[in-house]
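Novice: I would like to see how this sequence folds:
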Amino acid sequence: SMYGIVREAFQNPLTAVLYVVALVFLGYHLRHGFQSAFQTFGLRNSRYEWLINLVAVLFWLLIPLGFAAMPLFFLWAH
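Specialist: Residues are numbered from 1 along each chain as shown. Okay, the predicted model is just below:
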């Protein structure tokens, strides 16, 4: 089953660590892309900077954290 494949893969510490490191890079990439998109469309200015940064944190931090929960669960819970 797919659950078994994922469980087996993420019980290997090297696989889990590499996956989490890749998610750190993904988060940085999403952060840069999110903020660059607003700059490209001319919407990034001092008036909306705080809102863009707040939404960016939700976007680039929470998505990778959600995906990182999977290997961390299998690495330490089982």
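Novice: find me the pLDDT at the residue lying farthest from the centre of the chain, would you?
Specialist: Farthest-out residue of the chain from its mean C-alpha position, per C-alpha atoms, centre = their mean: Arg47, at 26.9 Å. Looking at Arg47, its pLDDT is 83.
Novice: now it, what's its secondary structure?
Specialist: Classification of Arg47 using DSSP: H, G, I helix; E, B strand; the rest coil returns coil.
Novice: remind me which residues of this structure are low pLDDT?
Specialist: Within the chain, the stretches with pLDDT under 70 are 78.
Novice: rewinding a little: now do the contacts for the residue farthest from the centre of the chain.
Specialist: The contact partners of Arg47, by C-beta atoms under 8 Å, 6 or more residues apart in numbering, come to none. Where you see a C-beta, it was placed from the backbone N, CA and C, and this is true even at glycine.
Novice: can you tell me how far it is from Phe38?
Specialist: 12 Å (C-beta to C-beta, to the nearest Å).
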